[in-house]
Structure formats: C-alpha cells, structure tokens
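>>> give me the fold of what follows.
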Amino acid sequence: MKIELKNLKINLAFSEETTQFKADLYIDGVKVGYASNDGQGGCTFYNPNSADTTLLVSKAEAYCKALPPTICTYGDKEYSFPMNLEYFINEIVEKECQKKETAKHLKKLQNNMLKGVCIGTPERYSVITWKGHTIASIKATPVGLMTLNVKVKQLIKQGETILNTNLN
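The predicted structure is shown next:
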C-alpha cells in the first residue's frame with residue numbers, strides 16, 4: 001500500500017510541541033482527504049473527503065496497524081510504539097523536515113567552502129578563513145596558493161578532515 005502526502009506545507013516557525021503542517025493525503029494514488037497538525041502538541045488529524053474514500057482510509061489504517069512497531073531509545077531505555085496511520089503520517093512529515101534541514105545545512109557548507117577551509121565532519125565543522133580573502137582570491141596568486149597548501153598540509157598532519165571540494 002502506498003501512503004503519500006502531497007502539497008505538504010510545513011511551518012516550523014509556529015511549531016511548538018509537534019510539527020505544524022497541512023497536506024493532501026493520498027492512498028494508492030487516490031486523493032482520499034487531508035492531514036494536518038496544529039503544532040501545539042496535539043494529534044495529527046486525517047479525514048476522508050468523501051464516503052467513497054472512507055474505505056481506502058480504513059484499509060490504510062489496517063495496513064499501518066500490521067506494520068512493526070517503532071523502537072525509540074531514550075537514555076538507556078528502549079520504547080516501543082505501535083504503528084498506526086497517524087504515526088505513519090508523522091514519520092513522512094519528519095522525514096521531509098529532515099530532508100529540508102540536510103539540504104539547508106549542505107548549502108551552508110558549500111557557501112562556507114567558498115570563504116575558507118572547512119574542517120571536521122559535514123554535520124559539525126569549523127571554517128578557517130583569511131580576513132578579506134576567499135578561497136578563490138587566495139588561489140589567484142602564487143603566494144596565496146602556497147599559503148593555502150601549507151595550511152592544508154598542516155591541518156592534515158594534525159589529523160583534521162578537510163571538507164572542501166574546491167581546493168584543487
């Protein structure tokens with residue numbers, strides 16, 4: 001069974017306890033209704049848009065209940081949450097949020113690579129810059145290129161991971 005959210009609008013600015021969103025709910029390619037959460041810690045709501053789609057929603061609910069539970073670790077304990085359509089919808093929303101955050105983070109990393117040498121991991125890094133210069137302006141002169149090469153070799157020798165893809 002294919003359960004999708006289309007026309008998904010997420011508003012993290014007004015999300016308090018849960019993620020605020022509105023979306024069209026599709027099951028097996030058929031628009032069956034709407035799904036939403038007001039972002040204030042309450043339930044995610046989904047409603048069929050007609051009597052004809054109620055049966056599809058019921059089948060999706062049964063399908064989700066048959067899926068394995070979600071296991072979450074908090075501290076040293078594991079918690080098991082039974083799957084249902086509401087939780088399934090929330091997981092779709094959270095995956096989309098994560099995808100957008102990752103894209104935003106990678107774009108910021110790409111911009112920082114233009115400014116200086118990025119070291120660390122893609123998730124957590126620092127930027128070494130030269131005041132008044134970008135990587136392009138440093139590479140434009142022989143002295144700058146030599147300075148950059150010396151710095152990169154020094155960082156590698158210290159065990160740092162260079163993230164830049166624009167140093168060649």
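
>>> how far does stretch 150-157 sit from the chain's center?
Mean C-alpha position of stretch 150-157 versus that of the full chain (CA atoms, centre = their mean, to the nearest Å) differs by 32 Å.

>>> same for the helix or strand bottoming out on mean pLDDT in the chain, what does it pack against?
None of the helices or strands of the chain scores lower by mean pLDDT, DSSP states H and E than strand 70-74, at a mean of 89. Strand 70-74 sits against strand 77-81, with contacts defined as 3 or more CB pairs under 8 Å, 6 or more residues apart in numbering; DSSP states H and E. Where C-beta positions appear, they are placed from N, C-alpha and C, glycine not excepted.

>>> between the next helix or strand along the chain from the strand it packs on and strand 77-81, how many degrees?
Toward the C-terminus, strand 77-81 is succeeded by helix 85-115 as the next helix or strand (DSSP states H and E). Interaxial angle, helix 85-115 versus strand 77-81 (axes from the mean of the first three to the mean of the last three CA atoms, to 10 degrees): 120 degrees.

>>> quick one: residues contacting the spatially most central residue of the chain.
Residue closest to the average C-alpha location in the chain (CA atoms, centre = their mean): residue 98, at 1.6 Å. Under the criterion of CB atoms under 8 Å, 6 or more residues apart in numbering, residue 98 has no neighbours.

>>> tell me how far it lies from residue 105.
In this structure, residue 98 and residue 105 are 10 Å apart, going by CB to CB, to the nearest Å.

>>> residues contacting residue 41?
16-18.

>>> what would the residues you listed look like in TSV with pLDDT, neighbour count and distance to residue 145?
Compiled in TSV, the contacts of residue 41 are given as follows (pLDDT from 0 to 100; neighbours: other CB atoms under 10 Å; distance: CB to CB, whole Å):
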residue	pLDDT	neighbour count	distance to residue 145
16	84	10	51
17	87	11	52
18	90	17	51
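
>>> which one among those gets closest to residue 55?
residue 18 (28.3 Å; CB to CB).

>>> that closest one contacts residue 42, correct?
Yes: using CB atoms under 8 Å, residue 18 is in contact with residue 42, at 7.1 Å.

>>> so what touches the least confident helix or strand of the chain?
78-81, 83, 87, 91.
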